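Asker: quick one, structure for this:
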Amino acid sequence: MFSKSGRKWQSVLPCSILTTILFGLLLYTATGWTASKPTTVSEIALYRGPDREQILIEGTKRERQLVFYNSLTTLEAVAQEFEKKYPFIKVSTWRSESPDLIKKVTEEYASGRYLVDVIETSGGAMAILQKKNIFQEYYTPDAAAYADEVKEKGKNGVYYLADRENYTGLGFNTKLVPLAEAPKNYRDLIDPRWKGKMTLAGGSVGPRWIGNVLNVMGRDYVEKLSQQDIKVQNVAPAALIHQVIAGEIPLSPTIQDSNVFTAKQTGAPVEWRGLEPVLANLGSSGIITKSPHPHASLLFLDYLHSKEGQAVLIKGGLSSPREDVGSLQQRFKKSYIETQYSLEEFEKRFNEWQELMRQLFVRKR
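Answerer: As a prediction, this is how the structure comes out:
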């Protein structure tokens, strides 16, 4: 720098002033970094910075609680293990069937009462709530371990992600149907030897199973299957398995593997076999847009979808949708029938499958 006379200034700034400026710059930088931390539910949910886990833990320590609505008893064990890992958080759970859960959440939102943080229920129920714009798009690092088929993807993350699955397949009484002789595929079900010995579950499982078979084997096969004198009982697979165990029903292709897993722990003479492609039933989870405790919500979802959290679910008899978790017995081709259609299309198809089941397997009797 030069003066008017062309001489160079002898000094620029005193050292003390320079030190003050540098300190101010450092303080500004630090303050700017702090200000850039996520604060809203949306910012927290989609944050991917290297300090993400630290921010979630610090935020959870301040929030100290989490409200979790779900439709499965086994998830209570996950909540308990989460509390052990993070003892500064208390999880309050509320559990009910999907229709009641949908009703509760919808009524709370309509009245402006935002009580719940995380919701976990069946894929169909999650889709209904998603249509009501209840879920916040979020990021979780373990999402990469899950197939696209089990994700409801957004622009930068997921609205909800599957955390559990169970399979609808062949359940049979091993005293009445030896393991080596039990049907191994859908084609075996129309063998004359099984005529009058099979029962289908009603409710939502039966029509879904009919829809899966219809997609895989075609209408002609379903017509032939209807000639097997198959009964339909309007009960859930969890109730139907007790009749299989008692020998009242030799076999049913609408039994869920988790029910057989539990029954076998008591020594029941029952076995399960997947008929490919096996109908997979998903349970998914997500954070709501008005979550009162967003840090705790994201920390919990991270745990639920991690290998550690999935191991807790597996102990309860469920299976994991993670592609790097599971046993060799679960390495079969799966059919995620609900994810193949939009919500409106699935509802239409479901009604058609339900009517077809009534025509071929109920009214025909």
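Asker: so where is the stretch 1-150 of the chain shaky, pLDDT-wise?
Answerer: Scanning the stretch 1-150 of the chain for pLDDT under 70 picks out 1-35.
Asker: where do the strands sit along the chain?
Answerer: Using DSSP state E, the strands of the chain run over 65-70, 90-95, 118-122, 135-136, 151-153, 158-173, 199-201, 231-233, 251-256, 270-273, 278-288, 334-335.
Asker: mind checking which of those is nearest Thr39?
Answerer: Thr39 lies closest to strand 135-136 among the strands of the chain, at 14.1 Å (C-beta to C-beta). C-beta here means a position set from N, CA and C on the backbone, and glycine is covered the same way.
Asker: and the closest one, what does it pack onto?
Answerer: Judged by 3 or more C-beta pairs under 8 Å, 6 or more residues apart in numbering; DSSP states H and E, strand 135-136 is in contact with helix 41-46, strand 158-173, strand 278-288.
Asker: I'd like the strands of the chain written out as TSV, with mean neighbour count and distance to Ala180 added.
Answerer: Output for those, formatted as TSV (neighbours: other C-beta atoms under 10 Å; distance: least, C-beta to C-beta, whole Å):
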stretch	mean neighbour count	distance to Ala180
strand 65-70	22	40
strand 90-95	16	40
strand 118-122	25	35
strand 135-136	24	47
strand 151-153	16	39
strand 158-173	25	12
strand 199-201	24	22
strand 231-233	16	25
strand 251-256	25	14
strand 270-273	22	11
strand 278-288	25	20
strand 334-335	20	25
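Asker: got those strands as a markdown table, with distance to Trp209 columns?
Answerer: As requested, the strands of the chain are exported to a markdown table (distance: least, C-beta to C-beta, whole Å):
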| stretch | distance to Trp209 |
| --- | --- |
| strand 65-70 | 24 |
| strand 90-95 | 25 |
| strand 118-122 | 15 |
| strand 135-136 | 28 |
| strand 151-153 | 23 |
| strand 158-173 | 6 |
| strand 199-201 | 7 |
| strand 231-233 | 11 |
| strand 251-256 | 5 |
| strand 270-273 | 14 |
| strand 278-288 | 6 |
| strand 334-335 | 10 |
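Asker: how about those, which one is nearest Glu347?
Answerer: That would be strand 118-122 among the strands of the chain, by C-beta to C-beta, at 13.8 Å.
Asker: picking up where we left off before, mind checking the strands of the chain for the one nearest to Leu240?
Answerer: Of all the strands of the chain, it is strand 199-201 that lies closest to Leu240, at 5.0 Å by C-beta to C-beta.
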